[in-house]
Structure formats: structure tokens, C-alpha cells
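Engineer: got a predicted structure plus its sequence, pasted below:
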Amino acid sequence: MKRGIIMATWMEKDVLIEFISHVVAVTARDVDVDNKDVISLLRLQGKLYGLSPEEIDYEKEVDFIKEKKAILESISN
């Protein structure tokens, strides 16, 4: 069931931040820190820290992180 545009919970906000940390950590050995996809993930992480959960579109952000994860994994493989 698709939720549509619904604000995130505190737990979902934390999940997004941790998901970004995981993606950056597992690809850091093979991908430069100045890679544009790494930078966009880190910027998003910083932005998420400053937002309240009500301001976050959880599904949109998960899709964005997954897209960047696939790109970074293709570089590191």
C-alpha cells in the first residue's frame, strides 16, 4: 500500500539518516569523498538533521538514497 505524501515519523527520519551513513560507509573504500553522489547524500543528511519529521517526504527520500546507492555500488564494483 502506497502511503502517498505523508510526513515522516521521528523513527523514519532516523532511518533515513542511518541509511545515508550506511551507503557512504560501505562505498567509501572505493569511491572518492568528493564524488558528486556522495556529496549529495551528505548534503541531504545534513538537511535531514535540521528538518522536523513533518517536513520530510519519507518515500521520496528513500527513493533518492536508493538511486544514489545503486550508482555508488556500480562505481565500487
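Structural biologist: Yes, it's here. All figures in this text were calculated on a predicted structure; none of them were measured in a lab.
Engineer: now Asp34: phi and psi?
Structural biologist: phi -90, psi 10 (degrees, to the nearest 10).
Engineer: just the pLDDT for it.
Structural biologist: Looking at Asp34, its pLDDT stands at 94.
Engineer: tell me where the chain has strands.
Structural biologist: For the chain, none of the segments meets the definition of strands by DSSP state E.
Engineer: helices along that one, start to end?
Structural biologist: For the chain, applying DSSP state H gives helices covering 10-27, 36-50, 58-76.
Engineer: mind giving me TSV with the ones you listed and columns for mean neighbour count?
Structural biologist: C-beta coordinates here come from the backbone N, C-alpha and C atoms, glycine included. Output for the helices of the chain, formatted as TSV (neighbours: other Cβ atoms under 10 Å):
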stretch	mean neighbour count
helix 10-27	16
helix 36-50	14
helix 58-76	15
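Engineer: so Ile71 makes contact with Asp37?
Structural biologist: Yes - taking contacts as Cβ atoms under 8 Å, Ile71 lies within contact range of Asp37: 5.1 Å.
Engineer: the closest residue to Lys13 other than its chain neighbours and Asp63, how far apart?
Structural biologist: Closest residue to Lys13 apart from its sequence neighbours, by Cβ to Cβ, 6 or more residues apart in numbering: Pro53 at 4.8 Å. The gap separating Pro53 from Asp63 is 18 Å, by Cβ to Cβ, to the nearest Å.
Engineer: quick one on the thing from earlier: burial count for the residue nearest to Lys13?
Structural biologist: Residues near Pro53, counting by other Cβ atoms under 10 Å, number 16.
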